[in-house]
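Colleague: how does the following fold in three dimensions:
(2 chains)
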Amino acid sequence: MTTQHAQSPKWSMVVDADRCTGCQACVVACQAENNVPLNTDDIFKQKRAIEWIRIERYWEGEYPNIKARFLPVLCQHCENAPCEPVCPVYATYHNDQGMNVQIYNRCIGTRYCANNCPYNVRFFNFWEPVWPESLRNQLNPDVTVRSRGIMEKCSFCIQRIRAGTRRVKKEGRALADGDVVPACAQACPTDALVFGNMHDAGSRVRKMSEDKRHYRLLERSGTDPNVIYLKRVDPTATEGAGHE
Amino acid sequence: MQDRAIAGQNTQEVDRKINQDLLGNVLAAPMRFWLLLGFLALVVAMAGGAVGYMVNQGLGVTGLHRPVMWGFMITNFVFWVGISHAGVMLSAILRLSQAEWRRPATRAAEVVTVFALMTAIMMPIIHSGRPWRTLYWAFPYDFSRGIWPNVRSPLVWDPAAITTYLTSSILFVYVALIPDLAVARDRSTGIRKAIYSVVAMGWRGYPRQWRLQIIAGFLLSALILPVFVSVHSIVSWDFAVAQSVEGWHSTIFAPYFVIGAVLSGVSAVVTVMIILRYLFKWHDYITSDTIDSLGRLLVVVALAWFYFFALEILFGLYTLENSELALRKMQMFEPPYSYLFITFLLTAFVIPVPLWLFRSVRRSFLWMTITTILVNIGMWLERFLIIVPGMARKGDLTFNWSTYHPSIIEILIVIGTFALVGMLILLFSKVAPLIPIYDVKEGQILRDKITIGKVDVPAVKREE
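Modeller: Here you go, the predicted model:
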């Protein structure tokens, strides 16, 4: 009990770009889990779609040797998050588990955090979200429905972290690897997204983060993210391919 | 000596004429005043409707999206804060340096300051997602639960700087206004006399009152100067501390914004003064000499501004980072931004500055109106070109790159702010004289001539 208290978990995610097929199952799972408003055609064309995790698609090379590359991008839960100091009302702050959290009630919608996020993973509710009658009962009761005029972003499925921690406490044991799985990681068919406690020396994330392929997104900006990427392995790639 | 004796004899007559000319509008406004006021009120009402619609429907009615989260309204905010710098520039600095030609221009400049600031501070409030909550954020809330605003955020520095500036500017205007309100009190009747009596605070023109008023004026001038430098520096830090946006996180932004603010502010004062001169027939007070002096000041300010402008681009390009290069390419070479960039360069610098070098242009009311309006078109575009392309080309994740098209709602709001400032200035001119009566009279008394060779040069005598 005392050891557990001394070191709170540090939640982290590893994204293996080599395994990602760009199927967007994570996007849909996140949408369902976190009550993310529906991204209709109109909203997509307005570039106001809300996707807490999105698959960025980049083309590499020239036709006919062109390759699609996929990069899942979600909130990086930076240790030095640029979004935090600019919020005038402390609607976003860092908790003791390494997560960047958003307090919807406090948010007034200045959108400064979105401007200062180098990963563009903060989303503004430009319209009041509406769900068709048939989807009302699908909403997750553990997650707040955000109203218009406030920011939202990936929470690492904080409701699942809380539920997992409670369950573990009831069973009277310490958190083990796999006790908490966010919706995107659960839905990923190729296991490209792995979630866990970085402070747990035996966890999968810890081991994978020590892979020599590891890197972090826009590392030079000094944000110190908690999401770690593993570089794509391309067996057909030759020296200099895809770089003009 | 003879000249002075004649001037002394006519003092009372001159006084009467000055009172009549400058108080004319306060006591009985001409028809064209009401027509213009009505037109401006109509435009303001339209913009008010647009704001109401936007608050009711949500910010979806604007052209903003991810990642361009700030657009026309923030551009307009920076623009109006910039305009507000004219007041202190003209009043405080020129008062402390005892520049004589400032006299008729000071109050118009201060009033432009106050109303431009009031308009500016409205912009970020209506632009936030939940404006009704923003109000109690700007006013620190929830003391009992210990929830305080985040003082690390430039958006907390902003209201602090702007309310300080607004308060001191209002005091500045008011202190200078007291003697003129007393003149208005002595020349009005009925309810208006009662109101003027209250606001004139028992001014009788005793030597002690004059001494206090002069001391207060000088003290405020000196105290307001640090605010003058800090306000636009702080507004520039809204952008300069945003480390993730290319073209924003520049260390040179504070002085660059301040000098740009002075350029657009002084230009706006010239425009406003010439329009008021036409509207109220103040031909004897706002003369070619006044705008000539302001024109010379503008040349210096514009050159200094251009220096910072060039430095800002050089500092940006020095890094040779891909995202910075992409931003500059968009800003300067990709339509429609390239057209805006060319227009901005031409209107803010290339056309007006060489023209101001000609004495005949500086002394021509028509030419000064045209050039100063051009400068402000250019300065508005300058802010737009700093704010929007930076966000549209944010970072290395090119998947998210975008552009920006303002919606009709945003355009209406921007037009409305111009009408609002104009309307407030006109309303003010109905309540109090826009040219400081006592200051002009003081200038008349101090006026003198020095004979150098065969030429009589206008001069000022002073007891120091």
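
Colleague: wait, what's in contact with the nearest residue to residue B:291 once chain neighbours are set aside?
Modeller: Excluding its sequence neighbours, the residue lying closest to residue B:291 (Cβ to Cβ, 6 or more residues apart in numbering or on different chains) is residue B:368, at 5.0 Å. Glycine gets a C-beta too; all of them are placed from N, C-alpha and C. With contacts defined as Cβ atoms under 8 Å, 6 or more residues apart in numbering or on different chains, residue B:368 is in contact with B:270, B:274, B:291, B:294-295, B:361-362.

Colleague: doesn't residue B:368 fall inside a helix?
Modeller: Yes: assessed with DSSP: H, G, I helix; E, B strand; the rest coil, residue B:368 lies in a helix.

Colleague: okay, it and residue B:109: tell me how far apart.
Modeller: Distance of residue B:368 to residue B:109, computed by Cβ to Cβ, to the nearest Å: 15 Å.

Colleague: quick check, central residue of chain A?
Modeller: Centroid-nearest residue in chain A: residue A:74, 3.4 Å away (criterion: Cα atoms, centre = their mean).

Colleague: let me see the contact set for that one.
Modeller: Residues near residue A:74 by Cβ under 8 Å, 6+ apart: A:13, A:52-54, A:121, A:154, A:184, A:227.

Colleague: cross the residues you listed against helices and list the overlap.
Modeller: Members of the contacts of residue A:74 lying in helices (criterion: DSSP state H): residue A:184.

Colleague: any idea which of the contacts of residue A:74 is closest to chain B?
Modeller: Taking Cβ to the nearest Cβ as the measure, chain B lies nearest residue A:54 of the contacts of residue A:74, at 8.4 Å.

Colleague: for the closest one, give me its contacts.
Modeller: Residues near residue A:54 by Cβ under 8 Å, 6+ apart: A:27, A:72-74.

Colleague: shouldn't residue B:114 be within a helix?
Modeller: Yes: under three-state DSSP, residue B:114 falls within a helix.

Colleague: for stretch A:98-109, give me every contacting residue.
Modeller: Outside stretch A:98-109, the residues touching it (Cβ under 8 Å, 6+ apart) are A:9-12, A:75, A:77-79, A:81, A:83-84, A:88-95, A:124, A:144, A:146, A:149-153, A:155-156, A:158, A:198, A:226, B:59, B:128-130, B:133-134, B:137, B:147.

Colleague: same thing with stretch A:56-64?
Modeller: A:22, A:66-73, A:241-242, B:397-400.

Colleague: could you do stretch A:190-207 as well?
Modeller: Contact partners of stretch A:190-207, identified using Cβ under 8 Å, 6+ apart, comprise A:7-21, A:23, A:26, A:72, A:98, A:156, A:175, A:177-178, A:180-182, A:184-185, A:208-209, A:226, A:228.

Colleague: check the offset of that stretch from the chain's centre.
Modeller: Between the centre of stretch A:190-207 and the centre of its chain there are 14 Å (Cα atoms, centre = their mean, to the nearest Å).

Colleague: swap in stretch A:113-125?
Modeller: With Cα atoms, centre = their mean, you get 13 Å for stretch A:113-125.

Colleague: what's the answer for stretch B:394-411, then?
Modeller: Centre to centre, stretch against its chain (Cα atoms, centre = their mean), the figure for stretch B:394-411 is 29 Å.

Colleague: do stretch B:102-119 as well
Modeller: 7 Å.

Colleague: what's the answer for stretch A:29-49, then?
Modeller: In terms of Cα atoms, centre = their mean, the centre of stretch A:29-49 is found 15 Å from the chain centre.

Colleague: again with stretch A:68-77
Modeller: In terms of Cα atoms, centre = their mean, the centre of stretch A:68-77 is set 8 Å apart from its chain centre.

Colleague: same deal with stretch B:90-106?
Modeller: Averaged C-alpha coordinates place stretch B:90-106 at 16 Å from its chain's average position (Cα atoms, centre = their mean).

Colleague: can I get the CA coordinates of that stretch in CSV?
Modeller: Taking Å, rounded to 0.1, in the frame of the first residue of the first chain, the C-alpha atoms of stretch B:90-106 are listed here in CSV:
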residue,chain,number,x,y,z
LEU,B,90,0.2,62.4,-28.9
SER,B,91,-0.9,63.6,-25.5
ALA,B,92,1.5,62.3,-22.9
ILE,B,93,4.8,62.3,-24.9
LEU,B,94,4.1,65.6,-26.7
ARG,B,95,2.9,67.2,-23.5
LEU,B,96,6.0,66.2,-21.6
SER,B,97,8.2,67.4,-24.5
GLN,B,98,6.1,70.6,-24.7
ALA,B,99,5.4,70.3,-28.4
GLU,B,100,3.1,73.3,-29.1
TRP,B,101,1.3,71.9,-32.2
ARG,B,102,-0.3,69.1,-30.2
ARG,B,103,-2.8,71.4,-28.6
PRO,B,104,-5.9,71.0,-30.9
ALA,B,105,-5.1,67.3,-31.5
THR,B,106,-4.8,65.9,-28.0
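
Colleague: give me the residues contacting that stretch.
Modeller: The contact list for stretch B:90-106 (Cβ under 8 Å, 6+ apart) reads B:109-110, B:172, B:176, B:217-218, B:220-222, B:224-225, B:228, B:266, B:269, B:273, B:282, B:285-286, B:289-290, B:293-294, B:435-436, B:439-440, B:442-443, B:446, B:460, B:462.

Colleague: how about stretch B:220-238?
Modeller: Applying Cβ under 8 Å, 6+ apart, the set of residues contacting stretch B:220-238 is A:112, B:77-78, B:81-82, B:84-85, B:88-89, B:91-93, B:95-96, B:154-155, B:157-158, B:160-162, B:164-165, B:168-169, B:171-172, B:175, B:253-258, B:261.

Colleague: so for it, what's the average pLDDT?
Modeller: For stretch B:220-238, mean pLDDT is 88.

Colleague: same deal with stretch A:74-82?
Modeller: On average, stretch A:74-82 scores 94.

Colleague: now do stretch A:124-131
Modeller: If you average the pLDDT over stretch A:124-131, you get 92.

Colleague: roughly how far is it from the heart of the chain?
Modeller: 20 Å.

Colleague: what does stretch B:415-427 give?
Modeller: Using Cα atoms, centre = their mean, the mean C-alpha position of stretch B:415-427 is found 12 Å from that of the whole chain.

Colleague: what does that stretch contact?
Modeller: Around stretch B:415-427, the neighbours that count as contacts under Cβ under 8 Å, 6+ apart are B:33, B:36-37, B:40-41, B:43-44, B:46-48, B:50-51, B:76, B:80, B:83, B:108, B:111-112, B:115-116, B:118-119, B:122-123, B:272, B:276, B:434.
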